[in-house]
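Q: quick one: sequence plus predicted model below, questions after.
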Amino acid sequence: MKRNALAVTAVLFVLAFFAGLGWTNLKFRQRAAAAPAKLTPVAVGATRQPISPLQGKPAPAFTLEDLSGKKVSLADYKGKALVINFWATWCVPCRIETPWLIELRNRYAAQGFEVLAISADDLDRRNPARLSGEKQQIARFVQKMRMPYPVLLDADSISKPYGGLDALPTSFFVDRNGTVVAAQLGLTSKDEIEANIKKALGRKN
Amino acid sequence: MIVTRQVIRVAVLAAIALCAALAQAQGPLTERAGRQAAKPAAVEYLYPEQITVPAGKPSTVALHFRVAPGRHINSHTPGDADLIPTTFSIPEGSGVRLEKAVYPPGAEFSLPIDLMTKLSVYSGEFILRARIVATTGNHLVEAQLRYQACDNNACAPPATITAAIDVIGN
């Protein structure tokens, strides 16, 4: 009888011990989960970037409308080196990056390079009046920045295959075979963008 | 004797079940943590959770919010038509009407890479004063704060958080 009581006590002790460990662990994980994560892992001008799951894979196909309503497909640019640049009118870092992209696009266009800028601005397709206003806002921005490359709409519709697009700007560098050779999350530097353009063009330096 | 053995058996089974439950609870939590980390809310509603106001009369309530460290959101008056202002609203039919929202002035801020461009932002903790009128009764109000957050390098799409406030109109 005494032995049984001891056994019960031992089992209860073990039970309490594991419950305590589990509770502590659970609380620790909850605290870790609640801690805010940084939006982007790099500082401006830094070269350390997270490796995109798309790297080394074909760029996901898409067909989107441009500002004039014309359908534009990724496949239309087969054989060209590309930057697929996701941006928005409300994104201040995108405004800083855009003149760099324009300059680099003009520098490397003759070598078969193009920028496809895809706007992540909201589009309310259920409300034609609002949709028109939203398109006008994008058009004003494009005109003001003098963006010489194709500007496509509705990044949301292709955000999933491109990794969610939780932060802007986000750029994917695609080589002439349609393979993603580099990706940039957030604002980096003109030098880093240029290095990745060269990579997309298949140049050593 | 038989009863005691049964007690031991039950205790052992309970111990195993509890350990299994804890393991189960922690496994998916890691996954949940991963999901939360992928899209963490840049703004958190702090308090008050409950307020008592005279029914039918305008009352001003100070609502406290906090922007995550390292980030900022546009103020209510970002000074640029393309930037998305922070806005506060209370859904209709909640028993509480928002008469006016008084937003704090934004702090001047520039990105380190572009010191010439001045932005008007909220960062850290900020207080929004809402003038509300509640009908008599207990109302669980799900007020909405819409904002657009950035850090020094990137911006997240516009987001809306709910500030759940129990408003008692006396």
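A: In hand now; what should we look at?
Q: contacts and neighbour counts: CA atoms only from here.
A: OK.
Q: is stretch B:109-128 in proximity to chain A?
A: Yes - applying Cα under 8 Å from any Cα of the partner chain, one finds stretch B:109-128 in contact with chain A at B:Ile113, B:Asp114.
Q: which positions within that stretch qualify as buried?
A: By neighbour count on 16 or more other Cα atoms under 10 Å in any protein chain shown, the buried set for stretch B:109-128 is B:Phe109, B:Leu111, B:Leu119, B:Ser120, B:Val121, B:Tyr122, B:Ser123, B:Phe126, B:Ile127, B:Leu128.
Q: repeat that for stretch A:84-101.
A: Residues A:84-98, A:100-101 are the ones in stretch A:84-101 that count as buried (16+ other Cα under 10 Å).
Q: and it, how far apart are its ends?
A: Using Cα to Cα, to the nearest Å, the end-to-end distance of stretch A:84-101 comes out at 11 Å.
Q: outside of that stretch, which residues touch it?
A: A:115-121, A:137-138, A:141, A:145, A:147, A:155, A:165, A:168-174, A:186-187, A:189-190, A:193, B:82-84, B:114, B:152-155 (Cα atoms under 8 Å, 6 or more residues apart in numbering or on different chains).
Q: let me see the domain layout of chain A.
A: Following automatic domain parsing, one gets these domains for chain A: A:1-35, A:63-201.
Q: just these: most buried one?
A: Highest mean neighbour count among the domains of chain A (mean count of other Cα atoms under 10 Å in any protein chain shown): domain A:63-201, with a mean of 19.
Q: for the chain, which residues score under the pLDDT cut-off?
A: If you meant another chain, say so; for now it's chain A. Residues of chain A meeting the criterion pLDDT under 70: A:1-50, A:204-205.
Q: I was after chain B.
A: The low-confidence ranges in chain B, as defined by pLDDT under 70, are B:1-39.
Q: quick one: the helices in it?
A: B:2-38 (DSSP state H).
Q: what helix or strand is A:Asp121 on?
A: Assigned by DSSP states H and E, A:Asp121 belongs to no helix or strand.
Q: go on, A:Gln136?
A: Going by DSSP H and E, A:Gln136 is part of helix A:128-145.
Q: now render the domains of chain A as CSV, adding distance to B:Arg71.
A: Shown next, in CSV, are the domains of chain A (distance: least, Cα to Cα, whole Å):
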stretch, distance to B:Arg71
domain A:1-35, 14
domain A:63-201, 12
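Q: need the contact list for residue 77.
A: All of this is about chain A. No contacts exist for A:Tyr77 under Cα under 8 Å, 6+ apart.
Q: that answer is for a different chain, and I need it for chain B
A: By Cα under 8 Å, 6+ apart, the contact set of B:Thr77 is B:Pro85, B:Thr86, B:Pro105, B:Gly106, B:Ser120.
Q: and the last one, bridged to which residues?
A: Okay, so that is B:Ser120. Applying DSSP bridges to B:Ser120 gives these bridge partners: B:Glu108.
Q: give me the distance between it and chain A.
A: 12 Å (Cα to the nearest Cα, to the nearest Å).
Q: quick check: that residue vs B:Pro105, distance?
A: Distance from B:Ser120 to B:Pro105, by Cα to Cα: 8 Å.
Q: and for the two, which residues touch both?
A: B:Ser75, B:Thr77.
Q: ok, A:Ala59 - contacts?
A: A:Val174, A:Gly178, A:Thr179, A:Val180.
Q: now, the residues you listed that are in strands?
A: With strands taken from DSSP state E, the overlap with those comprises A:Val174, A:Val180.
Q: restrict the contacts of A:Ala59 to those near chain B?
A: Among the contacts of A:Ala59, no residue is within reach of chain B (Cα under 8 Å from any Cα).
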